[in-house]
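Asks: structure, please.
(2 chains)
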Amino acid sequence: MKIKIVSIIAFLFCVVLTQAQIDRSKQPEPGPTPKINLGQPETFQLNNGLTVMIVENHKLPRVSVSLSIDNAPIYEGNKAGVSSLTGSVLGSGTKNMSKDAFNERIDYLGASINYGSNGASASCLSKYFEEILGLMADGALNPVFPQEEFEKQREQLLTGLKSQEKDVAAISNRVKNALAYGKEHPYGEFITEETVNNVTLNDIKNFYSQYFAPEKAYLVIVGDVDSKQTKKLVKKNFSIWNKAKAPQVSYSAPNNLQYTQINFVDMPNAVQSEIKVVNNIDLKMSDPDYFNALMANHILGGSFGSYLNMNLREEHGFTYGARSSVNTDKYGAGLFQASAKVRNAVTDSSVVEFMKEINRIRTEDVKEETLQNAKAKYLGNFVMALENPSTVARYALNIKTQNLPEDFYETYLQKINAVTVADVKNAANKYFLYDNARIVIVGKGSDVIDGLENTKLNGKSTVIKYYDKFAKEVEKPEFKKTVPEGLTANNVVEKYLKAIGGVDKLKMVKSIYKTAEAEMQGMSINMEVKTTPNNQMAVDIKMMGNSLNKQVVNGDKGYTVVQGQRKEMSEEDLKSSKLTATTFPELKYINNSDISLNGIENVDGQDAYALKVSDKLTSFYSIESGLKVKDLISTKQNGQDFSSSIYYNNYKEVDGIKFPYTMSQTFGPQKMDFEVKEIKINEGVSDADFN
Amino acid sequence: MKRTILAITSLFFTVTNGIAQEVAFEEYDLENGLHVILHQDNSAPVVTTSVMYHVGSKDENPERTGFAHFFEHLLFEGTKNIERGEWFNIVSSNGGSNNANTTTDRTYYYETFPSNNLKLGLWMESERMLHPVINQIGVDTQNEVVKEEKRQRVDNSPYGGLIYGTAVQPHLFKNHPYRWSVIGSMEHLDAASLDEFIAFNNKYYVPNNAVLVVAGDIDIDETKQLIKGYFGAVPKGEPIIRNFPKEQPITQEIKVTEYDSNIQIPALALCYRTPAMTEKDAYVLNMISTYLSDGKTSKLYKKMVDENKSALQVFAFNRAQEDYSMYNIFALPLGDKPLSLLETEIDEEITKLQTELISQKDYQKLQNKLENDFVNSNSSIQGIANSLARNYMLYDDTNLINTEIEIYRSVTREDIRNVAKKYLNKNQRLKLEYLPESAK
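Replies: Sure thing, here's the model as predicted:
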C-alpha cells in the first residue's frame, strides 16, 4: 500500500496552542490544522473486469468487504420489485452448500454476509477472513434460487408494503419521487402489491444473469489483511466470474414544473405534515460548480445552524429539524430537496418560511463569515472521516465510478476554499428553484388544507393539486373532521353559554329588544325583534316603513302576518318554537338529550361543531371561540325542501353579554346583511308586544 | 473442489489470534468531585470531549416527567460566554460535530473535533457545567421543539410506542420511576416554571455528578493542565441521594392492548422485568438475545421467519438499565398469521432454554459472535469515549471496556438455562398486543 503524504493548505487562522492563563470569556482559537495522511488503496483488475481495492489497516483485528456493481439505473415497470427480490433470494445457499449450512457457518464465525441486487458485503474478525471471503464469493457467484425461498421473500415484501400503508414518512418519499421523476423513470417508479405479484422465479434468475456482471463491479477490502496474500485469495475466489457487461439503458432527464405548486396527499392519521420542497437538478460530482452547490446547500439547510433549521426550529419551534440536500447523479437525474416534519397547525406557515429561506439564499449574498464557517465544517469532516479506514477506499471508488480526476480528494479542500460568496449565490439560483418548486405535503387534510389554500407566495395564491398515496392525481378530497373523543353536545352548549357571558348572567335577562337594518336593491329593510324567557317572541320585518312579515309567539299561541294576511301557526311550528322563541335558546339546550353533536364543519374558514337542534334547525359553534357562527334552517314550502342560513359575526358586548352585530341571511343565491342598530336589555319590551 | 482450494490458501496466512487492542486510559478526580477519564490514541487527528451527567428520566418528579430530556435541549441554548443560538455554529465552524442524548439513567453530551480544537471542546463543556443560561425564551422555544420531537418519533411514527417505551414502561413498572418514558408528558412540561428548571440544574448538573472524558489525539499532560484550568473553578454541588421505590415481583401475566394509528401490521411484545445492568444475569440475558434473534440461524429467526413463515420480523433484546432492566421480545406477523401463533412459537423456544442446555456448538457460536461484537465496539474514538463514561458512571468500573468479554466467557450453558428459568416465565411478564388503530 502506497501512502502519499498530502499536506493540506490550511485556510483557518492558525495559532500555536499556548499554556497561558485560561480566559473563558473568549472562545479558544484552534491550534494548527492537523496534517492529513491520505492513503491510496492497492488497486488491480481481474481479467473478467472486476476492479479490486485493498486498504490495509491493522488497528483492529477485523476486515470488511464490499462488492458493488455500478449498473445504470434499471426501470422495472410492471415487475417493480424484481431487483429487490433478487437481492433477498441471493445468499439462500449456493451450488456447493445448502442454505442452512451456509448460514450456520457464517453465524458460527460471528460474521455477517449480506446480499443485494447490486452486490454484497461482509464483515468478520481477520482470523476468519479467508473463509468468509470464500463464502461471500460462493454465495454471489454460485447462487441457487429455490422456489420456496422466492415465495417466502415475496410474501415478506408484500407484508412489508402493507406495513407502510399508514406510514406518513414512507408515503411522502414514494410520492415525492414519483412526482419529481415520473413513474416511468427508474428513480420515480415504486413497488406495489400488483407489481410484486407479477414477478416470477424466472424473472429473478434472468435479472441476476443480466445484471450481476463483473465488468463494472468493484470489490473493496478494508482492514487487518496482507495485500499480497489477499490478492491471491481474490483471484482464487472471483476469477470464475464470467466476463460480462450489464445492459445500460439511459432515460431522459425529468423536467421541472412550469410554476411552483403544492402537491398534497391526505393522510387522516397524521399528527405532523411531511413537507418536501423539491426540484430536479443536473449536478454531477465532476461538475466545476459541485463545490459551490455543496456550500450553498450547507448554508441553506445542510446543518443545524443553517438558514432553514435556525428559522423553522430555533426561531419558530415548528419542527424538530429542517434540512436540505443536493443529490448528485452522474446520469443527470439529481434532486434538490428541503424538508421537515412540522405539526399540523403550522403547515402553511412552514411552507412560507421554507420558500422565504430559499428566496433569501438566491437573492442575498451570504455573509463572508457564514461561508468561512461552512468551509471549516467541510475541513473538519474531511479530517475526521480519515479516522475510518474505509474512507480511503470510498474516495478511490468515487474517483472510478463518478468520473472524477485522480487528484479530486487531494485538492478537495483547496476547491472548497476557492468557493466565493458570488459562487454560492449562482449555485443557489441554478439549483434551488423558487418559481418552479414542487412542494410535496403529506398530512391531515382536514387540519391543514384551509391554511394551505390561503397561502400566498410572492403575493399569489398557490396552486394545490391533490394526489392519492400512489401519486395518482385526484379531485380535491372532502376532508372530514372528527369530533374529539368524549366531547358531547352539552359541552358545546356550555362552552357557548360561557363564551357569551355565562349562565348566571343570561338568566338575569328578562327581555331583549333589538333592531337591525339591511339593504336590498337600494332599499333599506328594518327588523325589530323582541324576546322574553317566557316563550315570547315578536319579529317584525319592514321595508320603507311597511310590514313585510311579522311573526309572534306567545306561550302556546302564535301567528304570522305576511303582507297583511294573518295566519295562525300550526301545531308543528308552535312546537318547534318552544325551543327558539326565547332570549337565549341555548339555555334550553342544556342536558337536552334530543340535541345531538353531528361533527365538525367548516363555516367561513373556521371549524365549527354542528349541533342538530331539530329536524329544522342545525346550529354551528366555533371550535375556537365557542360562539355561534351559523344557523341552518330547513323549511318545507309546497312540498319542497328549502334551506336558508344565518351567519353570525361581529360579536359585541351589551351589559356584559355578547351579541352578534352582523347577521347575514342567505336564501339560495340571495344574501342580506343585517347590521344591529340597537340592543336593549330588560327595557323596551312588554307583554302587550306579544298579543 | 472449492473447499480444498480454500484449505491450501490458508497456509499462506498468519492468523492473528489476539483480540482488540487494549484501550488504555487514565482516570482521576478534580477537587470539586468531577471524575476525569483520558484516553490517548494519536492514530487519527480526532478528539472527542464528552460529559455524562448522572441524571435521567428516573430522577424526575412524577409530576414533571420529561424534564431530563427537556434539559438536554435547554443546555444548548447558551452560556454566560456563548450567546444564545451560537452553540451549533461554534461547533460546526470549527469543523466539529456534536450531539446529546438522554436515557432513563443518564444524560450525555459530546463534541468531536479535529484534534487542533481540544481546547474549544473543553471550553464549551465547562461553560455548560459552570454557567448555562436558563431563561424563559429558551424554555419556550425548546418546549415547542420537544413537542415536535415527540410527534415525529412517537406519535407519527410506526411502532413508536414500542420503540420509545411509552406503551411498555407504564405496564412493566408500577412504583419505580421507570414507569414513565424518557420523552415524558407534554402537559407536565407546559406546567413547569422557570424556577423549577433552574433548581433542576443546580441539583443535578454539578461536577460531583458528572464524568468528563477526553479521548483521541491528545497529549495527556497538556490535557490535564487544560482540564484543571477550565473545570477546576466549577463549584461542587450537594451530594445526590437516590432512593427510588422498589417494585413488587410480577406474579401474574399482565395482558394489555395498545393502539397505534400509524401501523397496519400488528405486533406482539413480550416484556420481562429483569435485573440491573451490573448483575451478571444481565449479561446472560444479552447472550440469550443473541441466541434467540441475532443472525439467520438464531432460534427465533430461523423458526418463525425462515421455516414456519409466521413472522415478518422477530427480535429479542435486553434494555439494560441501572435499577431494573427490560427484556423485550417483539414480533410482527407475516400475512394474516395470528399473534397467538407467534406467542406459542416464542414460548416453545423459551421453554427449551429453561429445560435443556443449549448445544456446545451454539454455545461456541455465541462466544464467537460476542468476540466479534467486542472488537467492533471499540472502533471509533467517539464510541470509546461513550463506553468509558458509561462504564464508570453506571457500572462503576471504567476498565470494563477491556474486561467485558471475560464476563461473557465466564457464562456457562447452565447459567443460560438458570437465568431463563429465573426471569423469563410467563407469569412474570407483560403480554402486549400492539394493534392498528383501525382494529379498535
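
Asks: from what I see, A:Val277 and A:Ala338 are in contact.
Replies: Yes - between A:Val277 and A:Ala338 there is a contact at 4.4 Å, judged by C-beta atoms under 8 Å. Quick note: C-beta positions are derived from backbone N, CA and C, even for glycine.

Asks: where do the contact lists of these two overlap?
Replies: A:354, A:358 (C-beta atoms under 8 Å, 6 or more residues apart in numbering or on different chains).

Asks: residue nearest the centroid of the chain?
Replies: Going with chain A. A:Glu274 (1.3 Å; C-alpha atoms, centre = their mean).

Asks: wait, I meant chain B there
Replies: Chain B, centroid-nearest residue using C-alpha atoms, centre = their mean: B:Thr103 at 6.6 Å.

Asks: find the nearest non-adjacent residue to that residue, please.
Replies: Nearest residue to B:Thr103, sequence neighbours excluded (C-beta to C-beta, 6 or more residues apart in numbering or on different chains): B:Gly56, at 5.2 Å.

Asks: follow-up on the earlier one: report the contact partners of the residue nearest to the centre of chain B.
Replies: Per C-beta under 8 Å, 6+ apart, neighbours of B:Thr103: B:56-57, B:182, B:321.

Asks: name the nearest of those relative to chain A.
Replies: B:Val182 (14.9 Å; C-beta to the nearest C-beta).

Asks: list the contacts for that closest one?
Replies: B:Val182 neighbours (C-beta under 8 Å, 6+ apart): B:56-57, B:66, B:68-69, B:102-104, B:164-165.

Asks: host element of it?
Replies: Here B:Val182 sits in a region with no helix or strand, counting by DSSP states H and E.

Asks: before we move on, what about A:Arg566?
Replies: Judged by DSSP H and E, A:Arg566 forms part of strand A:565-568.

Asks: quick one, helices of the stretch 201-350 of chain A?
Replies: A:201-211, A:227-238, A:290-301, A:307-309, A:347-363 (DSSP state H, counting those that start in this stretch).

Asks: ok, residue 284 - how many residues close by?
Replies: With no chain named, the answer covers chain A. For A:Lys284, the count of nearby residues is 16 (other C-beta atoms under 10 Å in any protein chain shown).

Asks: oops, chain B please
Replies: Neighbour number of B:Val284 under other C-beta under 10 Å is 24.

Asks: quick check: closest non-adjacent residue to it.
Replies: B:Val419 (4.2 Å).

Asks: and what about the one you found, helix, strand or coil?
Replies: helix (DSSP: H, G, I helix; E, B strand; the rest coil).

Asks: tell me how far it lies from A:Arg24.
Replies: Here B:Val419 is placed at a distance of 50 Å from A:Arg24 (C-beta to C-beta, to the nearest Å).

Asks: can you check B:Tyr178 too?
Replies: Distance, B:Tyr178 to A:Arg24, by C-beta to C-beta: 38 Å.

Asks: looking at the two, which is more packed in?
Replies: Legend: neighbour count by other C-beta under 10 Å for B:Tyr178 and A:Arg24, higher for B:Tyr178 (28 against 17).

Asks: quick one, what contacts that one?
Replies: Contacts of B:Tyr178 by C-beta under 8 Å, 6+ apart are B:57-58, B:104, B:169, B:172, B:321, B:323-324, B:326.

Asks: what's the pLDDT at B:Ser43?
Replies: Predicted confidence (pLDDT) at B:Ser43: the value is 88.

Asks: likewise A:Gln21?
Replies: 64.

Asks: okay, domains of the chain per the record?
Replies: Went with chain A since none was named. A:40-238, A:261-474, A:489-690 (automatic domain parsing).

Asks: looking at chain B here, not the other one
Replies: With automatic domain parsing as the reference, chain B has domains B:26-231, B:254-439.

Asks: helix or strand: which one has the residue of the stretch 51-200 of chain B found nearest chain A?
Replies: Chain A sits closest to B:Gly95 of the stretch 51-200 of chain B, with a gap of 1.7 Å, by C-beta to the nearest C-beta. Following DSSP H and E, there is no helix or strand that holds B:Gly95.

Asks: neighbours of the closest residue to A:Met663 other than its chain neighbours, just the number please.
Replies: Closest residue in space to A:Met663, ignoring its immediate chain neighbours: A:Phe674 at 4.5 Å, by C-beta to C-beta, 6+ apart. By other C-beta under 10 Å, 23 other residues sit near A:Phe674.

Asks: tell me the secondary structure for A:Phe674?
Replies: strand.

Asks: now B:Asn328
Replies: Applying three-state DSSP: B:Asn328 is strand.

Asks: didn't it look like it was pressed against B:Arg319?
Replies: Yes - if you go by C-beta under 8 Å, B:Asn328 and B:Arg319 touch, sitting 6.4 Å apart.

Asks: which of the two has more neighbours?
Replies: Counted by other C-beta under 10 Å, B:Asn328 and B:Arg319 do not tie: B:Asn328 has more neighbours, with 23 against 18.
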